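Enquirer: got a predicted model here, sequence first, then my questions.
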Amino acid sequence: MYQQIAKNILYDLRQKAEQGILQGEEFHLKVIEDLNQLPLPFIDNPFIKALLNEQIKKVPELYNTLLRLNYILTEIIINLLSENSERFIKNLIELLDYRIHWDEFPTDYKPEGITNPKIISAKEAVSLINDNSVVYTSGFAANGRCSIFFRALREVYLEKGRPKNLTWIGVSAQGGRGKAPGTIEELDIPGLLKEYICGHVETAKKLLKLAEEGYLEIHTMPQGELTFLIEAQKNGITSLLSDTGIGTFLDPRIGTGSAVTYSEKNYITVKGNLLEYSLPKIEYALISAPFADEEGNIYLDKAAVITEIYDAIEAVKNNNGKVLIAVADIIPKNPSKISISHEKVDHIVVNPKNEQVGGVKQRNYWKMFLPKEIQEKEEGGIEDIDFAVSQIKIINNILGITPYRREIDNILARLATYVFVNNVEKGSIVNIGIGLPEEVCRILYETGLYKDLTFTTESGVFGGLPVPGIFFGSAINPDQINQSSWMFHQYEKQLDVTVLGMLETDSEGNVNVSAKGPSISEFVGPGGFPNISKCAKTIIFVGPFMWKSKMIITDKGLKIQKPGKKKFVDKVSQITFNAKQALEKNKNVFYVTDVGLFKLSDKGLLLTDIFPGIDVEKDILANSDAKIIVSDNLNILDMSFVTGKNFYLGELKSKKKKTSKKRKSQLKDNVISLVS
């Protein structure tokens, strides 16, 4: 009962704050007044009082801080009132401990009593890397990241000036946005890196700055092709042919190919009517894994992601290189659970702070991220999904990882989810992108519709509920955890629908997600977007119609108080999604915005639905440089999309029997051909 009362009170406060009814000190007093209605002895706790008082006094711009504070308080109260309160408090203490000590890395640590010479310190391990080498690191965003290696390499380079001029390969984002320690950004010292090859570089802010200053060469390519190339190297294959990226900025006939900075080399070239992708031979694999035994065998069964670990090890061994693996602890040998034999491992580093996912130590792993088959053997069995979702939400908000979602964003998410439900069948294979697309996943979870879908992430996680924010790339209660290459191969066979973000959209329906602006520091990278948008039958793009426009909710619908920078342009600055190719493949493509819904047609962008209160001429056409076709049957959406009251999504359609196309794969002259 108290949980629902708390939810109602705090939700009402958030609504009033968004509408401008409560501001500043008035908001603060109202919080205290309403919370005192609840029989909550902990409201006098100094920690809660500090949140309510000190934060308000410190920050001149109260608005977003107060709204995030409101979110945090809501979740704290609800969890303290729940039957899982003890687990919640334990998790919260662990999180706070992580945050307090997050810049401490035991780079000289070696466990006592271990005689195996393979087990060495992190600084000893990275000292084995030669100058001018090609190095790969595992991990996906904050999941399974190689923090100890990044910090150790920084320390060794500052002490000895070597290893230097390294070429570094990472498939997914591995940065900390210039804030979090223990990421690829530890390597932002001129001379340490010569070249950085990665599918998503936006979070590596310090490396982008280094490149902008002329100290680093950056290359990019789709994450799918990166995983396929690493997979291919275990068989001595160095390049592959693919239709992924044709007609985008990755196509040298249209854009710069792999080169983000000026370079005389390019890892993407044109060969016939396809693109040829290549990658230098990997000589060192730096990997983060859960546990090892004293013999040197590696155990991955408690990992949240596997990424490219198996492929990278085999590739490095084929290239006569070295495999260095960081683990959280040395455990007793269990032959039935060994994932990687000691024979394939050159050295092991023990890092007691090794993370399963961002902020969660591997030694205290959260079972929610493990496959259900493994969870069944854990204490308590399969994790309660509602508890898991609540933990994820509060941690993201406390860390400030996920942006605060305004009510306007919730309205946009309702429309996007409505489009999803009306165009997707039960049993569909789904990919959800980061950012606003995660809000669609949230609504599918809240309505229970997620149970009839199979979610996936490009990290290799199959099934379960995708996790947002700092945990993006993992899932709650997944069915399987595979390699990234496996997942992209599955996408080539079948991907029914994807929900993705968008930075710019143009008259032809092309979308840019890879560059926020013209400078190197504004480059994002394609990530897995080119593979996913190529393979998906239905694509739903989600994003605001303008940058930083001010919209309010009225009793008549939505009203634009102040227009923002135009996002719908005549020509996107960089093509990441080619609309013409999508039309040729008969894809269903939608663009969901906070003014209404657009659909890709053979004539361009077709406006089919608008929110109540929106004026087509004044609000849409006047604020767009893109050519927009207004449907003759333009629909004004029901007010329930705005208010949420009596809003009904409908039901997913039953799956029709279809035969999926098989991916053609050819091997010839050290070239893999992957053509949809």
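Expert: On my side now, so go ahead. Residues are numbered from 1 along each chain as shown.
Enquirer: which residue is the nearest non-sequential neighbour of Lys205?
Expert: Gly178 (3.8 Å; C-beta to C-beta, 6 or more residues apart in numbering). (Each C-beta comes from the backbone N, C-alpha and C, glycine too.)
Enquirer: SS state for the one you found?
Expert: Recorded secondary structure, Gly178: coil (DSSP: H, G, I helix; E, B strand; the rest coil).
Enquirer: can you give me every residue that contacts it?
Expert: Gly178 sits next to 185, 205-206 when contact means C-beta atoms under 8 Å, 6 or more residues apart in numbering.
Enquirer: all helices of the stretch 101-250 of the chain, in order?
Expert: Secondary structure of the stretch 101-250 of the chain by DSSP state H, counting those that start in this stretch: the helices cover 122-126, 147-160, 205-212, 223-233.
Enquirer: what comes up buried for the third one?
Expert: Right, the one you point to is helix 205-212. Using 16 or more other C-beta atoms under 10 Å as the test for burial, helix 205-212 gives 205-212.
Enquirer: same thing with the longest one?
Expert: Neighbour counts using 16+ other C-beta under 10 Å place 147-157 of helix 147-160 among the buried residues.
Enquirer: reformat these as a markdown table; add distance to Ala579 and pLDDT.
Expert: Converted to a markdown table, the buried residues of helix 147-160 look like this (distance: C-beta to C-beta, whole Å; pLDDT from 0 to 100):
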| residue | distance to Ala579 | pLDDT |
| --- | --- | --- |
| Ser147 | 40 | 97 |
| Ile148 | 44 | 98 |
| Phe149 | 41 | 98 |
| Phe150 | 39 | 98 |
| Arg151 | 44 | 98 |
| Ala152 | 46 | 98 |
| Leu153 | 43 | 98 |
| Arg154 | 43 | 98 |
| Glu155 | 48 | 98 |
| Val156 | 48 | 98 |
| Tyr157 | 45 | 98 |
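Enquirer: low pLDDT regions in the stretch 251-400 of the chain?
Expert: Across the stretch 251-400 of the chain, residues meeting the criterion (pLDDT under 70) sit at 400.
Enquirer: is Glu425 in a bridge, and if so with what?
Expert: In this structure, Glu425 bridges to Lys653 when assessed by DSSP bridges.
Enquirer: OK, contacts around it?
Expert: Counted by C-beta under 8 Å, 6+ apart, Glu425 has contacts 496, 652-656.
Enquirer: with Tyr136 instead?
Expert: 168-170, 230, 282, 284-286, 308, 312, 315-316.
Enquirer: out of the buried residues of helix 205-212, who's nearest Asp594?
Expert: The nearest member of those to Asp594, counting by C-beta to C-beta, is Lys205 at 27.9 Å.
Enquirer: ok, that closest one touching Glu185?
Expert: Yes - under the criterion of C-beta atoms under 8 Å, Lys205 makes contact with Glu185 at 6.8 Å.
Enquirer: what do these two both touch?
Expert: 175-176, 178.
Enquirer: Leu606 versus the most centrally placed residue in the chain, what's the distance?
Expert: Centroid-nearest residue in the chain, with C-alpha atoms, centre = their mean: Phe472, separated by 4.1 Å. According to C-beta to C-beta, to the nearest Å, Phe472 stands 32 Å off from Leu606.
Enquirer: that older thread, between the buried residues of helix 205-212, which is closest to Gly557?
Expert: Proximity to Gly557 was ranked across the buried residues of helix 205-212 by C-beta to C-beta; first place goes to Lys205, at 38.8 Å.
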